[in-house]
Each structure stands twice: as C-alpha cells, then as structure tokens.
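**Student:** predicted model, plus sequence, below.
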Amino acid sequence: MAVDIGLDVGRAVEPDRVHRSVYSDPGIFELEMERIFNKVWTYVGHESQVPKAGDYWAVQIGRQPMVMVRHADRSVRVLYNRCPHRGAMLYGDRCGNVGKGIICSYHSWQFDTDGSCKAIPLDKGYQGTRLTPGDDNTNIKTAARVESYRGFVFASLAASGPSLVDWLGPARVAFDDMCDRAPEGEVEVVPTCFRVIQQSNWKIFLENQLDALHPAVTHESTGRAAGEVEEEINRKGGHAPLSYHFLSAFATPITKWDAFQTLGYPNGHCILAGYMGLRPRDPDTLAYEKVMEKAYGKRRMEEILGVNIHHVLLYPGLSVQSPLQQLRAVRPLGVDKTLTEIWHFRLKGAPEAIYRRALGYYNLVNSPSTMVNADDLWNFWKCHKGLESEGGDWVSFHRNAGQDHETSEVTTSVIGTSEQPMRNQFKAWTQYMNGAH
Amino acid sequence: MARKARTVRKSAVRKGAARKAAPRKSMAATAKDAAKASNGHDRPGAHDTLREVEQLLFRQAECLDGKRWQDFIELFTPDGTYWMPAAPEQTTGDGVPSIFWEDRDLMTVRLKRLTHPRAWSQRTAWGTNHVIGNVTIEKEDARSGDLVVRSRFHMMEFRNDTTRHFAGSYVHHLKRTRDGHRIRLQRVDMVNAQGPYEYVLQAWV
C-alpha cells in the first residue's frame, strides 16, 4: 500500500529516509519556494561583476526576477526587476550598465540605482488621484536584506532572520578558503557564466555534490579515459597538465573515497574534506608558494594551503569548490527543472599559471561540454523519473545512519561515503518547512 | 611559328584596346578584386580548391554524424585544436574560458569516454544531423597553400526522446599537407552558445 503524505511535510522526513514526494510533488515545491527560498540568504553574485556605478546583473531569487546593481555610493543594491507602474520588468537582458538611471521601456518612469523614483513623465496626470509622486509605492521594491561576505553578495527577501555571517556559520570557510589562497586576500570574477539546466528536482543536485560514493561509479568512463591519455603523455616524456589528474581522480577506486570526511553544519551546510592534489612540486606551484609566503609569511601560508576542502555546500543554493575558485549557484525553475549558473574566479596577485590550472577544470568539468556532469545529469534525470513513479515511497539515506559524531556545532561522518550530508540537508529542510528561519 | 605570331598579335591588340578603355578596365579590376576578397572563386584552380575544401567539411560532418570519432580526430594536424569560444568576441581560447578548447590529446580523452562501456549517458539512443553550407575561402596563402575557410552549419540532435537544434559558423584554418588539407584550428561559434543548455554537449559540434 503506497504511502501518500499529501502536503504534510511533517511526515516527509525521517532520520534515515525521505518520502519521494518531496522531490516530485509540485505542491511541496511551491511550499519550498515560500518557506525556504523566500527566506534564506540567496547568492546573488560577486561584487566584481558590477565594478562601476550603474553596472547590473539580472538574477533570480526563488520565483522573483531581481537585479544586482552598483549604486553611486559604491554599495551593491538588490532590487526587484519590476516597474512599480504597470509591472514590466525593468531589464530583460542579463547584464549591462543603467547609464543615466533606470528607465522603464514602457512609459519612461525613471529611477535611481537604489530604487528611488526620480521622475514620472507628465506627472500632473496623477493630481487628485491616490498615487502621489514621491510616495514609497512609486519606488522600485528592494530586497529586504543585502549583505556580502568577502565580496560575495547575498540577498534575503525576508526582513528578519540571522545575519549572513551567522547563517553561514563555520561553512563561511568556503569563501575564506577561496580568498585566502589569493596573495591579495580577494578574488575577482572571470566574466563568463555557463548555464546548464538539469531535468530534475534541485535537491537531487545538492545531494550529489557531497556524495563520495558516486564518482567511481558515475565517472569511471571519464576517469579511465583521462588516466590512459595522461599515462601515454607521460610515457612519451611529456608532462600531462594537472587537468588530466582532475579527471583521472574520478576513477579513484570506490574504497578509497572512504578516507574522505564529511562535515555537517547548522542550516544544512556541509563540507566534503578531501585532498585535491593541488600542491605538486612543479615550478608553477613553487612560484605561487613563493608569492604566498611573501604575502602571508611561511606559517600562515602553510595553514592556508593546508586547508583540506573538496566542496562546500551552502544549503540550499550554492555549491562552492574553493580550492579551484569555482561555484555553482542553484536556481530551481520548477519541481523537475533546475538551472545551475557556473562561475570561475581569479586569485588576485597569484601567478597566471595558477589561474590557468583552475581554468582547465572549469573548461573540462564545468563547461557545457563537460565530460563529468554529462553522466551526473543523466543520473539526476533518471532519479527524478524514478521518484515520480509508484515503485516505492522512500529514498534511502541509511548508509552509516546512527553512527555520525554529533556536537551542537558540527556533525562528522564516520567515513567519506556516509550519507550524513544528505541527512544533514534534510534536517535543515525540515526546520525551514516547519517555519523556522 | 605562324601560330605564335598570331597569338602575339592578338595579345597586342588586347593590350591596345585595354589602354584605350582604361576606365572600363579599372572597373573590371575592382569587381574582380571584390570577388576575390569575398570568395576567391575566380582564381585559376579556385573551384578545385573550393570543391576540395567543401568535401573536407562534408567528410568531417559525416564523421560526427556517423560517430567515427577517430576519423574525426585524424582530420586535424598533430598540433590541431578544436575550439568553441565561450563568447563571440574572444579571439583565442588560450587563457580564457571556452566551451571546447581541445588538442588531440584531450580529443582522445573525449573519444575514450564516449566509447567506454560504462559511459552511462551514452546508453540512450542518440544521433545528430549536420548540414554545412555557405562555404567561403576567406584567405589563401599562395606559397604554403594554407587556407582559412568560413562556413555555416545547422545541427539537429535527437537524444533521449528530445530534439535540440544548434547552428552557427565554422572557421577552419587548414594546413596543406601531402595528403590534402588538414585542420590546424577549427573555431565553432554557435549562435545559441550563450543560452542555457538543456543538458550538455557530449561530442564535438
């Protein structure tokens, strides 16, 4: 007898299993939009995307089309992409500069980049009406809260809730690890955004990010293919670029992934700790270490380069690969459709070779011609289809359940292939869906 | 002997006529130059070169649609590169993000992946159909025989019960070798390269 939980999210999540309808029920998806995405901090973009006053980028928060824009006072503002007059989106393109101000293409209402209305044409037409030019309802609505951490801008549509830093908690290491690796302590965006749509629920992608059990299975073909060519290049006396290692590492036998570790933090954030092999003794790395040592001193440099992170997941919308300066922002488009926006950053002050090394990963793993995510996306689609079926009610997260080491601040998995990160994500999901911030 | 003299005479007559009608000649030369710049079709042997180049492009499309990956790779010179820029204004793939930026080694990784028995996403039936047109020789190096060739393509892909359509331009930088022309650099600018990708590109376009 199939278990139908309807929209009763209280029955959806058990400590070691989750009901399939949290992935496939459009009604639950709408509740997620309202209770999760309209409240949490959503990654909007990096400050270096909008260097000059008036620069803007369009972005989606939950269901809302928004614009991140640089104001004249240098602050970054996040506005609803909607004219208060008749509701037209103010920008239909993805990015640009507002020029002399934000001007609606429909009736020429004009706004400053903080959203305030500067001019309404022929405004005497409003005399004696309930609309008074200068009133707040003639201004563009702004995101309730905007904060940034080390140049990464987040916005929340809810007026109250934890500050960005408190919400990130220890998972803010995602940005510390990325920025600290720059001799100048900050990164700047590489102005290319790859966009790839997954035919699956957003949570399937997030669960995959820290799933150390899947690479050896899903990515065996690519791992082996790269390993064979890597060997051939080296056999002929050449030096295969580190990109080959990035790919061949996916074929690491399944048993070895147990040596990794996962950490679960409050609000569903998690870390997969695993060495990425980024400190080979080649001339490029040695030159980089020299610059780092000059900037930070030897002890601090060792501390920074010794940080052991593979991925950081900032639940529910961001997957950060800090040692390679890349991130994927998750934009759910529908219950079975998810957009990922994929960005790369440059370490300020680091030698060009270090940027190029990470660029190899961006091109091979994160571009639309990815030889890695091709098989992930195929799995995600198959998962989603399977979860729409009535062949079973539950999704299993039993692996090493009941064995996690828990303190108030962090949950640690016993082994790398534990399903602890998924359990941690659903702990946060339950809290949000029950109305907590 | 007599025949030769006649030829010389004829040619002298033409030269004389040309001198008298100088403006006409210059107009003709301008039109000729324009034709040369636009497609180079009127040079002696140009039609043969164009035909040869077209055959190469069609052969390449057949390699892709026939999934003859090794044959595809072998159309490139040993130092050849297949490049799909991330943005149309890019002038090189070196040091900037690209959708594809592959030398023959990386192409071989792609080939080995595509043909691996556990490349899971290859399990679903899929196929492509390329049509190449508007083939134009943009540059020809008279000494080396190297060419720059521009063309347009339409590619329909059917995969996992879904149809996708990609279109754009190719620029082939061709090197003349003893076995005909081979590709030193192929630039692929898809008109829909900047849009969101429903799924990814597993093979070259």
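**Tutor:** Yes, it's here. This one's a predicted model, so the numbers in the text were calculated from it and none came from an experiment.

**Student:** care to break the chain down by domain?
**Tutor:** All of this refers to chain A. Domain ranges of chain A: A:42-149, A:169-433, per automatic domain parsing.

**Student:** was after chain B, sorry
**Tutor:** B:2-36, B:45-190.

**Student:** closest one to residue A:111 among the ones you listed?
**Tutor:** Minimum separation from residue A:111 across the domains of chain B (CB to CB) falls at domain B:45-190, 29.5 Å. Heads up, the C-betas are built off the backbone N, CA and C, glycines and all.

**Student:** and that closest one, how far from the chain's centre?
**Tutor:** Centroid displacement of domain B:45-190 relative to its chain, using CA atoms, centre = their mean, to the nearest Å, is 8 Å.

**Student:** re earlier: where among the domains of chain B is average confidence lowest?
**Tutor:** Mean pLDDT values for the domains of chain B show the minimum at domain B:2-36, a mean of 43.

**Student:** could you pull out the strands for chain B?
**Tutor:** B:76-85, B:98-103, B:126-140, B:147-159, B:162-177, B:180-190, B:197-198 (DSSP state E).

**Student:** so which of these is the most surrounded?
**Tutor:** For these, the largest average neighbour count (mean count of other CB atoms under 10 Å in any protein chain shown) is found in strand B:98-103, namely a mean of 22.

**Student:** and the angle from that strand to strand B:76-85?
**Tutor:** 170 degrees (axes from the mean of the first three to the mean of the last three CA atoms, to 10 degrees).

**Student:** and strand B:98-103, what other elements does it pack with?
**Tutor:** strand B:76-85 (3 or more CB pairs under 8 Å, 6 or more residues apart in numbering or on different chains; DSSP states H and E).

**Student:** and the closest residue to residue A:115 other than its chain neighbours, what does it touch?
**Tutor:** Leaving aside its sequence neighbours, residue A:115 sits nearest to residue A:140 (CB to CB, 6 or more residues apart in numbering or on different chains; 3.7 Å). The neighbours of residue A:140, taking CB atoms under 8 Å, 6 or more residues apart in numbering or on different chains as the test, are A:79, A:80, A:82, A:83, A:84, A:90, A:102, A:111, A:115, A:116, A:117.

**Student:** taking these, please make a ChimeraX selection of just the buried ones.
**Tutor:** In ChimeraX, a selection of the buried entries from these looks like this (16 or more other CB atoms under 10 Å in any protein chain shown):
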select /A:79,80,82,83,84,90,102,111,115,117
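
**Student:** list phi and psi for the spatially most central residue of chain A.
**Tutor:** The centroid of chain A falls nearest to residue A:318 when counting by CA atoms, centre = their mean (1.8 Å). Note on residue A:318: backbone dihedrals following degrees, to the nearest 10 are phi -150, psi 130.

**Student:** quick one: contacts of the helix or strand harbouring residue A:227?
**Tutor:** Element membership for residue A:227 (DSSP states H and E) is helix A:220-235. Residues outside helix A:220-235 that contact it (CB under 8 Å, 6+ apart) are A:215-216, A:239-240, A:244-245, A:247-252, A:371-372, A:375, B:105-106, B:108-113, B:116-120.

**Student:** contact residues of chain B facing chain A?
**Tutor:** Within chain B, the positions lying close to chain A (CB under 8 Å from any CB of the partner chain) are B:84, B:86-87, B:95-101, B:105-106, B:108-113, B:116-121, B:124, B:160, B:195-202.

**Student:** residue of the stretch 251-400 of chain A closest to chain B, please.
**Tutor:** Across the stretch 251-400 of chain A, no residue is closer to chain B than residue A:378, which sits at 3.5 Å (CB to the nearest CB).

**Student:** could you do the stretch 1-150 of chain A as well?
**Tutor:** residue A:94 (8.9 Å).

**Student:** can you point out the buried residues in stretch A:56-73?
**Tutor:** Here stretch A:56-73 shows A:56-62, A:64, A:66-71 as buried, counting by 16+ other CB under 10 Å.

**Student:** which single one of those is nearest to residue A:411?
**Tutor:** The closest of the buried residues of stretch A:56-73, once distances to residue A:411 are taken by CB to CB, is residue A:62, at 27.4 Å.

**Student:** looks like the closest one contacts residue A:157 (just checking).
**Tutor:** Yes. Counting by CB atoms under 8 Å, residue A:62 does reach residue A:157; the two are 6.7 Å apart.

**Student:** for the host helix or strand of residue A:31, packing partners?
**Tutor:** According to DSSP H and E, residue A:31 maps onto helix A:26-32. If you count contacts as 3+ CB pairs under 8 Å, 6+ apart, helix A:26-32 packs onto strand A:326-334.

**Student:** now the strand it packs on: average pLDDT?
**Tutor:** On average, strand A:326-334 scores 97.

**Student:** who are the packing partners of that strand?
**Tutor:** helix A:26-32, helix A:202-209, strand A:318-321, strand A:337-347.

**Student:** list the strands paired with it, with their directions.
**Tutor:** Strands flanking strand A:326-334 in the sheet, each with its direction: strand A:318-321 (antiparallel), strand A:337-347 (antiparallel) (DSSP bridges).

**Student:** which residue is the nearest non-sequential neighbour of residue A:248?
**Tutor:** Leaving aside its chain neighbours, residue A:248 sits nearest to residue A:227 (3.7 Å; criterion: CB to CB, 6+ apart).

**Student:** residue A:86 now?
**Tutor:** Nearest in space to residue A:86, with sequence neighbours left out and distances taken as CB to CB, 6+ apart, is residue A:106 at 6.1 Å.
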